[in-house]
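Participant: give me a model of this one.
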Amino acid sequence: MKYCSVEASLASNAAAPVILFDGVCNLCNAWVRFVVRHDPVGIFRFAAQQSPIGQMMIKAHVSGSPQLSTVILIADDSAYTESTAVLEIFARLGPPWSWLALLRIIPRRMRDSCYSLVVRHRYQWFGKTDSCQAPSPDVSSRFLG
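Facilitator: Model (predicted):
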């Protein structure tokens, strides 16, 4: 087995946008599967927020300490959270999904209120797993940590 440190893994994927997600949330895992399916060129990398690499990236890029209640996109030396992260991800997927990025015209406060409603109830509505799910072998190289 090849050993790879957290720092080496971060350095080798520095240019790729990274999606940090709640690894035990079924909705979050479904979101990751959706992105993988609609990102055939593989521009995105992924890390569970609970993982050491996820924690390191949060500390390095996100001010404060967000709870595991938001998708975080680290891209272009910026950190995007909540509804803005989701819309930024859609924008990078290409048509027709990129058209959803037009929803950025809605004030962020309104978008984030809707986002927060789903986040508050995600475990009740979609359930959660006991541990982070392992990616399938065909996409495992896109997952950090």
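
Participant: just the strands in this protein please.
Facilitator: Counting by DSSP state E, the chain has these strands, from start to end: 18-21, 45-48, 72-75, 78-81.

Participant: pipe those strands into CSV and attach mean pLDDT per row.
Facilitator: Compiled in CSV, those are given as follows (pLDDT from 0 to 100):
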stretch, mean pLDDT
strand 18-21, 96
strand 45-48, 95
strand 72-75, 95
strand 78-81, 92
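
Participant: turn the ones you listed into JSON lines, columns for mean neighbour count.
Facilitator: (Glycine included, C-beta is placed from N, CA and C.) As requested, these are arranged in JSON lines below (neighbours: other C-beta atoms under 10 Å):
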{"stretch": "strand 18-21", "mean neighbour count": "26"}
{"stretch": "strand 45-48", "mean neighbour count": "24"}
{"stretch": "strand 72-75", "mean neighbour count": "22"}
{"stretch": "strand 78-81", "mean neighbour count": "18"}
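
Participant: got a markdown table for the ones you listed, with distance to residue 141 too?
Facilitator: A markdown table is the format used below for these (distance: least, C-beta to C-beta, whole Å):
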| stretch | distance to residue 141 |
| --- | --- |
| strand 18-21 | 14 |
| strand 45-48 | 9 |
| strand 72-75 | 18 |
| strand 78-81 | 23 |
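
Participant: which residues of the protein score low on pLDDT?
Facilitator: Counting by pLDDT under 70, the chain contains low-confidence residues at 1-14, 65-69.

Participant: which residues of it fall in helices?
Facilitator: 6-12, 26-37, 52-61, 82-93, 108-126 (DSSP state H).

Participant: most tightly surrounded among those?
Facilitator: Burial among those, expressed as mean neighbours by mean count of other C-beta atoms under 10 Å, is greatest for helix 82-93, which shows a mean of 20.

Participant: remind me what it packs against, helices and strands.
Facilitator: Under the contact definition 3 or more C-beta pairs under 8 Å, 6 or more residues apart in numbering; DSSP states H and E, helix 82-93 sits against strand 72-75, helix 108-126.
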